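Chemist: sequence first, predicted model second:
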Amino acid sequence: MRIVDRLLAALLILGAVGHTFGSIKYFSGQPITLLWALCASALAALLGTVNLLRASRPKDRALAWVAAVGTAFWLAASLAFGKLIGNLLDPRVVLFVIISAALIAFSLRTALRRMTFQEG
């Protein structure tokens, strides 16, 4: 499961890279829109990195909460984007929602895990 967790985090980072190139291509003549689109790319890359770090630190419950909440905001933004374009089944939306939901589940599993006496 740890490999799947890391793979999903890496996919989020790759999605951020794709988002960056797509944003540059489609918004190059709109600097304000491009800036915000690149900020979204940076957020996705940061969340992917936080999730990679969380996957390698299975006892860090605080980091798991940060990853869960941040990724939940990304999931909400992905759904809002789908609603704004009038297509919740757009492949970009579906891909980010699936990746985000799975990463949130992994994060919550770590965050809600009970610590044993030896770990405490």
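Modeler: That came through fine.
Chemist: okay, CA-based contacts and neighbour counts for the rest of this
Modeler: Noted.
Chemist: report the distance from the helix or strand containing residue 105 to the chain centre.
Modeler: Residue 105 is part of helix 91-111 when elements are defined by DSSP states H and E. Taking the mean C-alpha point of helix 91-111 and that of its whole chain, the gap between them comes to 7 Å (Cα atoms, centre = their mean, to the nearest Å).
Chemist: and if you look at stretch 39-56?
Modeler: Relative to its parent chain, stretch 39-56 has a centroid offset of 6 Å by Cα atoms, centre = their mean.
Chemist: pull out the buried positions in that stretch.
Modeler: Neighbour-count burial for stretch 39-56, counted by 16 or more other Cα atoms under 10 Å, picks out 40-55.
Chemist: which residues touch it?
Modeler: Defining contact as Cα atoms under 8 Å, 6 or more residues apart in numbering, one finds that stretch 39-56 is touched by 2, 5-6, 9-17, 19-20, 60, 63-64, 67, 70-71, 74, 103, 107.
Chemist: filter the residues you listed down to the buried ones.
Modeler: The neighbour-count test (16+ other Cα under 10 Å) marks 5-6, 9-17, 19-20, 63-64, 67, 70-71, 74, 103, 107 as buried among these.
Chemist: before I go, just wanted to say thanks for your time.
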